[in-house]
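Peer 1: Attaching a predicted model along with its sequence, questions to come.
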Amino acid sequence: MIIYKFGGTSVGNADRMKQVANIIGDEKQKIIVLSAVGGTTNKLVRLTGFFYTQKHDEALEIINLLHDEYYGIIDNLLSTDNYRAQATLFIDGILELLLAQEGAEFNEKNEKIILAQGEIMSTTLFHFYLLETGANATLISALEYMRIDEDGEPDIEKIGNLLNPLLEQASDKHLIVTQGYICRNVQGEIDNLKRGGSDYSATLVGQAIKAEEVQIWTDIDGMHNNDPRVVENTYPVDYLSFDEAAELAYFGAKILHPASVLPAREAGIPVRLKNTFDPAAFGTLISASSEPDKVKAIAAKDGIIAINIISGRMLLAFGFLRRVFEVFEKHRTSIDMITTSEVAVTLTIDHTNHLKELIDELNTLGTVMVEDNMSIVAVVGNGAGGSSKVLSKITAGLNGYAVRMVSFGGSQNNISLLVPTADKIAVLKSLNNHIFD
Ligand code: ASP
Ligand code: MG
């Protein structure tokens, strides 16, 4: 079975939903995982913000926006009185449910109920459309099978145990529609896989049912060799290994949720990135195989903070780095890059939730300096990560730019550089010229 996942722009309005139906066809059984209509989850996030701060009028404004948008979708998507009436009733019910969350005790549970409605709306309307066109379709709610554990991580065993019987019951259906992003937690409450999590849903479903392939349909023709938003003449990369794709997704290639590669890699299921607006384009195929010694792509991740710790005590001492790492462990902050010299170590982190506590405690180990507004630029390719040839091209490309750290040799897949975010675009362009020409 093939899993098809369509992102927010791919289901962004009625015409696009119809295009999705064209792409999937009605032959053979398949699972279709949908995101919310593009922009909806952001609106729902804003709505929860207004409920938290008890801004009733602003909240109503969002609900009115959603009302008009979804009434418009129904109008353009459905043509029979029967389905139009059902869809209108359904959307009215959702809007009422959103409003019903308002109150002085508005909390995280209400918030998560609200955030889940985007995917519930997109899948329900799309399912109505399929039925109206006579397709052999059904809707299976992700709330019935997608589960996270105490740590908020997917519980793959449970997911499989719940989903497989549901699929058996639906064995005569061809098109099985379900939601990305949403799930239930260990308390059985509505929860989610965090923003952008629909890709993750798709590969988790793939792993749970041992799918043949997972296709992630977005608005671009695959993973590009550099950031197409800032570098000219980028091109889609045809093939990536799971490791390369994971590094690129983690280091900023926006097309794929970083965690979504893991289930696919574990289950050995190829992931194909496809373009809804150009279905004939090859896209990118991510699989276990790799083409060695080739730089595949460059990606960048912003919002990086570098922490430099200088300590005379490090000189010829053992156990110093352990003490440094323990501080990060204690504050549940993961480290991305690290470089050391005999008396100093510099590390990078990508979130500031516990920055103050971290710094206070690191101060007991040495002199600490913090630099923010940094970006990690990652040059990715199996084998290229350990190649001095690639390193020398990078060095040539970096000539004249302020490079704060270089990480070479840690992974065969990746050479990472830390540069000021102000220089990032220039560095991406310069590396592009030196590496891909
Ligand atoms: N709708 C969710 C979001 O916007 C999940 C997703 O689209 O992947 O983050
Ligand atoms: Mg996405």
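Peer 2: The structure has been received and is ready for your questions. Numbers count the residues shown, from 1 in each chain. Ligands and ions are numbered 1, 2, ... in the order given.

Peer 1: Nearest spatial neighbour of the residue in the stretch 251-400 of the chain that ligand 1 sits nearest to, chain-adjacent residues omitted?
Peer 2: Nearest to ligand 1 in the stretch 251-400 of the chain, going by CB to the nearest ligand atom, is residue 257, at a distance of 6.8 Å. Backbone N, C-alpha and C define where each C-beta goes, glycine included. Excluding the flanking residues, the one nearest residue 257 by CB to CB, 6 or more residues apart in numbering is residue 199, at 3.9 Å.

Peer 1: Against residue 35, how distant is that neighbour?
Peer 2: To residue 35, residue 199 is 9 Å away according to CB to CB, to the nearest Å.

Peer 1: any common contacting residues for the two?
Peer 2: 5, 7, 180 (CB atoms under 8 Å, 6 or more residues apart in numbering).

Peer 1: when you check ligand 2, which of the residues you listed turn up near it?
Peer 2: By CB under 5 Å from the ion, the members of the shared contacts of residue 199 and residue 35 lying near ligand 2 are residue 7.

Peer 1: Ranking by neighbours, what's the top pick from the shared contacts of residue 199 and residue 35?
Peer 2: Among the shared contacts of residue 199 and residue 35, residue 180 has the most neighbours (other CB atoms under 10 Å), with 32 neighbours.

Peer 1: So that one is in contact with residue 196, correct?
Peer 2: No: look at residue 180 against residue 196 with CB atoms under 8 Å: they stay out of range, at 9.4 Å.

Peer 1: quick one: contacts for residue 371?
Peer 2: If you count contacts by CB under 8 Å, 6+ apart, residue 371 has them with 305, 306, 308, 404.

Peer 1: Can you name the residues bridging to residue 176?
Peer 2: On the basis of DSSP bridges, residue 176 is bridged to residue 31, residue 138.

Peer 1: How much space separates it from residue 158?
Peer 2: For residue 176 relative to residue 158 (CB to CB), the value is 19 Å.

Peer 1: For the residue of the stretch 301-437 of the chain found nearest ligand 2, what are phi and psi?
Peer 2: Residue nearest to ligand 2 within the stretch 301-437 of the chain (CB to the ion): residue 301, separated by 16.1 Å. Here is the backbone geometry of residue 301 (degrees, to the nearest 10): phi -130, psi 120.

Peer 1: and what of residue 308?
Peer 2: When quoted as degrees, to the nearest 10, the phi and psi of residue 308 stand at phi -110, psi 130.

Peer 1: Show me the beta-bridge partners of it.
Peer 2: residue 346, residue 369.

Peer 1: count of residues packed around it?
Peer 2: Burial of residue 308 is recorded as 18 neighbouring residues (other CB under 10 Å).

Peer 1: next one: residue 93
Peer 2: With other CB under 10 Å as criterion, residue 93 counts 10.

Peer 1: Roughly how far does the residue nearest the centre of the chain sit from residue 416?
Peer 2: The chain has residue 257 as the residue nearest its centroid, 2.2 Å off, counting by CA atoms, centre = their mean. To residue 416, residue 257 is 20 Å away according to CB to CB.

Peer 1: With residue 59 instead?
Peer 2: Distance of residue 59 to residue 416, given as CB to CB: 43 Å.

Peer 1: and if you look at residue 265?
Peer 2: Going from residue 265 to residue 416 by CB to CB gives 20 Å.

Peer 1: quick one: the helices in the stretch 201-350 of the chain?
Peer 2: Counting by DSSP state H, counting those that start in this stretch, the segments of the stretch 201-350 of the chain that form helices are 242-250, 261-267, 320-330.

Peer 1: pLDDT weak spots in this structure?
Peer 2: 314-316 (pLDDT under 70).

Peer 1: need the residues of it near ligand 2, please.
Peer 2: Counting by CB under 5 Å from the ion, the positions of the chain adjacent to ligand 2 are 7, 196.

Peer 1: longest helix of the chain?
Peer 2: Identified as the longest helix of the chain according to DSSP state H is helix 108-132.

Peer 1: separation between the residue of the stretch 201-350 of the chain found nearest ligand 2 and residue 37?
Peer 2: Nearest residue of the stretch 201-350 of the chain to ligand 2 (CB to the ion) works out as residue 257 at 6.2 Å. Per CB to CB, residue 257 is found 18 Å from residue 37.

Peer 1: how about stretch 317-329: buried residues?
Peer 2: 320, 323, 324, 327, 328 (16 or more other CB atoms under 10 Å).

Peer 1: Let's verify the residue nearest to residue 56 when sequence neighbours are not counted: helix, strand, or coil?
Peer 2: In space, and not counting its chain neighbours, residue 56 is closest to residue 102: 7.1 Å by CB to CB, 6+ apart. Here residue 102 is recorded as coil under DSSP: H, G, I helix; E, B strand; the rest coil.

Peer 1: quick one: contacts for residue 102?
Peer 2: Applying CB under 8 Å, 6+ apart to residue 102 gives the contacts 51, 56, 59.

Peer 1: so residue 394 sits right up against residue 379, yeah?
Peer 2: Yes: contact criterion CB under 8 Å: residue 394 and residue 379 qualify, at 6.1 Å.

Peer 1: which residues are common contacts for these two?
Peer 2: Listed contacts common to residue 394 and residue 379 are 415, 417, 431, 435; contacts here mean CB under 8 Å, 6+ apart.

Peer 1: Reformat these as CSV; add distance to residue 167.
Peer 2: Shown next, in CSV, are the shared contacts of residue 394 and residue 379 (distance: CB to CB, whole Å):
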residue, distance to residue 167
415, 43
417, 46
431, 46
435, 45
